[in-house]
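K.L.:
Please find the sequence and the predicted model below.
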Amino acid sequence: QVQLVESGGGLVQPGGSLRLSCAASGSTSRINIMGWYRQAPGKQREQRELVADISSGGITNYAGSVKGRFTISRDNAKNTVYLQMNSLKPEDTAAYYCNAAGGRPLPPRYEYDYWGQGTQVTVSS
């Protein structure tokens with residue numbers, strides 16, 4: 001098993017910044033891709049959307065709505081992934097979930113697929 005612990009959410013004004021962190025522990029050798037998803041208010045778990053992810057080799061992938069504003073990075077030695085969020089907008093308000101995945105592809109997910117508990121990000125004046 002892999003445990004994911006997130007931190008860094010909170011309330012911020014529009015245009016502000018936040019940095020999310022997610023530390024993985026346990027069977028971390030199973031992990032290839034780490035990323036962040038978000039679930040907007042009123043949406044179901046199945047409607048979580050990818051914000052950004054990063055492979056163990058450093059290949060990144062971003063949702064179009066956050067390109068140029070958010071930056072994902074990873075410290076493989078610490079098994080930690082970060083999401084730097086700048087120029088935040090009210091529509092970025094959501095619960096943000098860390099994900100760690102690896103093993104064989106089992107579309108649409110992977111053999112190993114772990115989720116954190118989520119951290120709330122609220123963008124409001």
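P.N.:
Right, received. Where do you want to start?
K.L.:
the longest strand in this structure is where?
P.N.:
The longest strand of the chain (DSSP state E) is strand 94-106.
K.L.:
how close does residue 38 sit to residue 53?
P.N.:
Per Cβ to Cβ, to the nearest Å, residue 38 is found 12 Å from residue 53. All C-beta spots, glycine's among them, are computed from the backbone N, C-alpha and C.
K.L.:
just the strands in the chain please.
P.N.:
2-7, 10-12, 18-26, 33-39, 49-54, 60-62, 70-75, 80-85, 94-106, 109-115, 119-123.
K.L.:
These into CSV, with extra columns for mean neighbour count?
P.N.:
Listed next are those as CSV, based on neighbours: other Cβ atoms under 10 Å:
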stretch, mean neighbour count
strand 2-7, 18
strand 10-12, 14
strand 18-26, 18
strand 33-39, 22
strand 49-54, 19
strand 60-62, 15
strand 70-75, 18
strand 80-85, 21
strand 94-106, 19
strand 109-115, 16
strand 119-123, 18
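K.L.:
Tabulate those in TSV, adding columns for mean pLDDT.
P.N.:
Shown next, in TSV, are the strands of the chain (pLDDT from 0 to 100):
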stretch	mean pLDDT
strand 2-7	95
strand 10-12	97
strand 18-26	97
strand 33-39	97
strand 49-54	97
strand 60-62	97
strand 70-75	97
strand 80-85	98
strand 94-106	94
strand 109-115	93
strand 119-123	97
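K.L.:
What distance do you get for the nearest residue to residue 109 once chain neighbours are set aside to residue 33?
P.N.:
Distances taken as Cβ to Cβ, 6 or more residues apart in numbering put residue 101 closest to residue 109, at 6.6 Å, once the chain neighbours are dropped. Distance, residue 101 to residue 33, using Cβ to Cβ: 5 Å.
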